[in-house]
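J.: When you get a sec, could you give me coordinates for this:
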Amino acid sequence: MRFFLMNKYLIGSVIFFLAGIWGCAPPPSKVEFSTPAFTSVQIPDEIRKQPLNKKLIAFVGMENKSIYAADKLWDIASHILTTRLIEIGYFNVVDWQKMKKNFDELSLQTSSLVDTPERLVNVREQLSCDHFLGGAITFYDVSQSAQVSAMSKYKTITTTVRVDLWLQDTQTGEYMSAASGSGRSKQQFSGGLMGGAIGTWDVNAANKALDMAIDDALVKLLVTYHRRYKSRPSRPETASRKQPSASQPDVAMERPDPIINVTDFERKSSKWAIIIGLSRFMDSRITPLSYTEKDALAMYEYLTDPNVGRFMKDQVFLLTNDRATTFNIKIAIDTVSKHALPEDMVVIFLSTHGTPGRMDVEGVGYLVTYDTLADSLYATAFNMSELVMAVNRRIKAKTVVTLADACYSANSFKSIRFLELKGAKDLVVESASENIPQEMVKSALETEGFGMGQSTVQALSSGTGRVFITSSRASERSWESDQLEHGFFTYYLLKILKQNKGMISVQKAFDYLAEELPQAVMKEKGYPQNPVIGMASVHGDIFLGVEPAGSGSVPPTD
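T.: As a prediction, this is how the structure comes out:
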């Protein structure tokens, strides 16, 4: 007892000391915040100045496309975004609570409120707004690292968020601006010799990362919109075009009228076609193509020739260059979906750039349209999954033939100059896409792939009476020919169809392609290119030059 009393102060001191080094009472966590380029998002003076006539915009939803599942993440992000817009004051904003009250939440959290021309018109009429703003959380990651020494333990929890935003004109459907933003928060903890309880992930720190990502994207979107549209001349056709820069790509200012008068449209024939071909693009960072527009025009001339293709011009929708916007493509598909009957036949022809499915978090590829922005494909390009859904669900015609003279390259996002092979249809941009997280594209960059994947071929040729022909295998490029002044695929396809005046089946035309196309490409380019066909529940041969079976005409016999 005496010994204990004499040493109680010593024992207490030891316990106090050990408590400190064992981490029983660790210090509060230290939280650091950062974006890739700066610690806080600065609003430029040109945005702070109030415009004379502020546009009214409605925020139509924030989709969570990340692998992080959270039921209310879309709602939190939407509230942050609309609040920030009001604070900045550049636009007038429809209150987010009003949006949730007037529209179903499922649409608002899946970006489907205005994903078709019809829905866009309905929402515009209800809100009388000038622009729609939408977006997606495309990356959300929480990682942990630790460092242990003889006397202490340190732990860092990092939350990284990426957000994509897009701004759409409510009258034309044109994408007016798009941007990506990133935010990162770090929580740092330290403990004693044995580690101790040194803290856990804090959702408030994560929300700060989300807040900063939204701010980053929003400011970029507003700057692009302001510079690109607010100062444009009243007569864009006479305006001089400035030299584009890497940060501000050169874009055309004209807005083409919608291609179809949807209200007065009437079905006149059992044959339909949608023809898409782009040689030039609004975003100067996307490499022009030489003969894709010519391919589309040649296909149009063949199909509408009364002696060969025998399609009525009123039901062949030709979309080239500035008319081939994402919105116009949707209008054409929507029109066919509404008016084509089960006994009809639909032909879809595509000749443009593409992106590989591995570049997207959901594994889908994109078709590059006129108003596509190279660093915001999700927001502005045409999602191949939408084409798959249209072909398999929306279009009721029993026969749909899809022909794709395009390829999809992971190489598109490697560096400033990605491609030195003239004539390949990979999507090539002139600046690195540093906004795309390395975690998302690492596998794509390590494993090269150019053609449309087999899963896409199968999806577009599933169902009943679906045929899909693509110009190359998944591991091959799709080439244009300077000698033929066409894409190889389109040239040889039209050659065999014209030789037989439309009286050759699609199946036999493919057999000809499979034999002639690889030889021609290898001879001129020195690279392999083999077409691929997918078919599902096709009963008998399909002839493009005659009315489909069941509509009154009988296919010719060989």
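
J.: domains in this protein, as residue ranges please.
T.: Per the record, the chain has its domains at 25-228, 271-536, by automatic domain parsing.

J.: Indicate which one of these is closest to residue 264.
T.: Among those, domain 271-536 comes nearest to residue 264, with 11.3 Å by CB to CB. Heads up, the C-betas are built off the backbone N, CA and C, glycines and all.

J.: Let me see the mean pLDDT of the host helix or strand of residue 143.
T.: Here residue 143 sits within strand 131-148, counting by DSSP states H and E. Throughout strand 131-148, pLDDT has a mean value of 84.

J.: ok, now stretch 160-169?
T.: For stretch 160-169, the mean pLDDT works out to 89.

J.: change the start of the numbering to 709 and stick with it
T.: Sure, I'll start counting at 709 from here, so that last one is stretch 868-877.

J.: Distance of the closest residue to residue 996 other than its chain neighbours relative to residue 1000?
T.: Once flanking residues are discounted, residue 996 sits nearest to residue 988: 5.0 Å by CB to CB, 6 or more residues apart in numbering. According to CB to CB, to the nearest Å, residue 988 stands 9 Å off from residue 1000.

J.: for residue 877, same thing?
T.: Applying CB to CB to residue 877 and residue 1000 gives a distance of 25 Å.

J.: of the two, who's got more company?
T.: Each of residue 877 and residue 1000 has its neighbours counted (other CB atoms under 10 Å); residue 1000 has more, 28 against 18.

J.: Tell me if I'm right that the more buried one and residue 1062 touch.
T.: No: in this structure residue 1000 lies outside contact range of residue 1062 using CB atoms under 8 Å: 11.4 Å.

J.: Could you list the low-pLDDT ranges of the stretch 909-1058 of the chain?
T.: Counting by pLDDT under 70, the stretch 909-1058 of the chain has low-confidence residues at 937-971.

J.: all helices for it, in order.
T.: Ranges of helices within the stretch 909-1058 of the chain are 911-933, 1000-1012, 1034-1047, based on DSSP state H, counting those that start in this stretch.

J.: shouldn't residue 754 be in contact with residue 930?
T.: No: using CB under 8 Å, residue 754 is not in contact with residue 930; the gap is 9.1 Å.

J.: The two: which is more packed in?
T.: More crowded of residue 754 and residue 930, by other CB under 10 Å: residue 930, with 22 against 13.

J.: Give me the pLDDT for the residue lying closest to the more buried one once chain neighbours are set aside.
T.: Leaving aside its chain neighbours, residue 930 sits nearest to residue 755 (5.1 Å; criterion: CB to CB, 6+ apart). Confidence at residue 755, expressed as pLDDT, is 77.

J.: Would you confirm that residue 755 belongs to a strand?
T.: No: Residue 755 sits outside any strand when classified using DSSP: H, G, I helix; E, B strand; the rest coil, being helix.

J.: The residue lying closest to residue 994 once chain neighbours are set aside: what secondary structure?
T.: Distances taken as CB to CB, 6+ apart place residue 1082 nearest to residue 994, at 5.4 Å, with adjacent residues excluded. The three-state assignment at residue 1082 reads coil, by three-state DSSP.

J.: ranges for the helices of the stretch 1059-1208 of the chain?
T.: So, for the stretch 1059-1208 of the chain - with DSSP H, counting those that start in this stretch - the helices run 1085-1088, 1092-1097, 1146-1154, 1162-1168, 1196-1207.

J.: weakest of those helices in terms of mean pLDDT?
T.: Across the helices of the stretch 1059-1208 of the chain, helix 1146-1154 has the smallest mean pLDDT, namely a mean of 35.

J.: Please determine how far the residue nearest to residue 996 is located from residue 895.
T.: Taken as CB to CB, the span from residue 988 to residue 895 is 48 Å.

J.: try residue 1180
T.: Distance from residue 1180 to residue 895, by CB to CB: 48 Å.

J.: Look at those two and report which has more neighbours.
T.: Neighbour totals were compared for residue 1180 and residue 895, and residue 1180 leads with 29 against 22 (other CB under 10 Å).

J.: And the pLDDT at that one?
T.: Predicted confidence (pLDDT) for residue 1180: 84.

J.: quick one, phi/psi of it?
T.: phi -160, psi 160 (degrees, to the nearest 10).

J.: Likewise for residue 771?
T.: phi -90, psi 140.

J.: Can you give me the neighbour number for it?
T.: 20.

J.: That one against residue 821, yeah?
T.: No: applying CB under 8 Å, one finds residue 771 not in contact with residue 821, separated by 10.5 Å.

J.: returning to what we had before: now the helices of the stretch 909-1058 of the chain in JSON lines, with distance to residue 1111?
T.: As requested, these are arranged in JSON lines below (distance: least, CB to CB, whole Å):
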{"stretch": "helix 911-933", "distance to residue 1111": "35"}
{"stretch": "helix 1000-1012", "distance to residue 1111": "8"}
{"stretch": "helix 1034-1047", "distance to residue 1111": "15"}
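
J.: quick one: which of the ones you listed is nearest residue 1201?
T.: The nearest among the helices of the stretch 909-1058 of the chain, by CB to CB, is helix 1000-1012 at 8.4 Å.

J.: Residue 892 is in what secondary structure piece?
T.: strand 883-899.

J.: now the angle between helix 1034-1047 and that strand, please.
T.: 110 degrees (axes from the mean of the first three to the mean of the last three CA atoms, to 10 degrees).

J.: partners of strand 883-899 in the sheet?
T.: With DSSP bridges as the test, strand 883-899 is paired with strand 738-742 (antiparallel), strand 861-877 (antiparallel).

J.: ok, for residue 1077, nearest residue in space, not its chain neighbours?
T.: Nearest non-adjacent residue to residue 1077 (CB to CB, 6+ apart): residue 1034, at 4.6 Å.

J.: Quick check, that neighbour in contact with residue 886.
T.: No: the criterion here is CB under 8 Å, and residue 1034 misses it with residue 886 at 11.1 Å.

J.: Overlap of the contact sets of the two?
T.: Common contact partners of residue 1034 and residue 886 (CB atoms under 8 Å, 6 or more residues apart in numbering): residue 1088.

J.: Same drill for those two, tell me which one is more crowded.
T.: Counting neighbours by other CB under 10 Å for residue 1034 and for residue 886 shows that residue 886 has the greater number, 27 against 24.

J.: Next one: that one from residue 926, what distance?
T.: When residue 886 is compared with residue 926 (using CB to CB), they lie 11 Å apart.

J.: Low-confidence regions, the stretch 1059-1208 of the chain specifically.
T.: If you take pLDDT under 70 as the line, the stretch 1059-1208 of the chain has these spans: 1064-1072, 1083, 1115-1173.

J.: One more: the stretch 759-908 of the chain?
T.: Using pLDDT under 70, the flagged stretches of the stretch 759-908 of the chain are 759-761, 856-860, 899-907.

J.: average pLDDT for the one helix or strand residue 1241 maps to?
T.: For residue 1241, the element it lies in under DSSP H and E is strand 1240-1244. Averaging pLDDT along strand 1240-1244 gives 81.

J.: helices and strands around it, which ones?
T.: helix 1162-1168, strand 1174-1178, helix 1214-1233 (3 or more CB pairs under 8 Å, 6 or more residues apart in numbering; DSSP states H and E).

J.: and with 7 Å instead?
T.: helix 1162-1168, strand 1174-1178 (3 or more CB pairs under 7 Å, 6 or more residues apart in numbering; DSSP states H and E).

J.: by contact count, what packs against the last one?
T.: Other elements packing on strand 1174-1178 under the criterion 3+ CB pairs under 7 Å, 6+ apart are strand 1107-1112, helix 1162-1168, strand 1240-1244.

J.: go again using 10 Å as the cut-off
T.: strand 1053-1059, strand 1107-1112, helix 1162-1168, helix 1196-1207, helix 1214-1233, strand 1240-1244 (3 or more CB pairs under 10 Å, 6 or more residues apart in numbering; DSSP states H and E).

J.: number of nearby residues for residue 1248?
T.: Neighbours around residue 1248, by other CB under 10 Å: 10.
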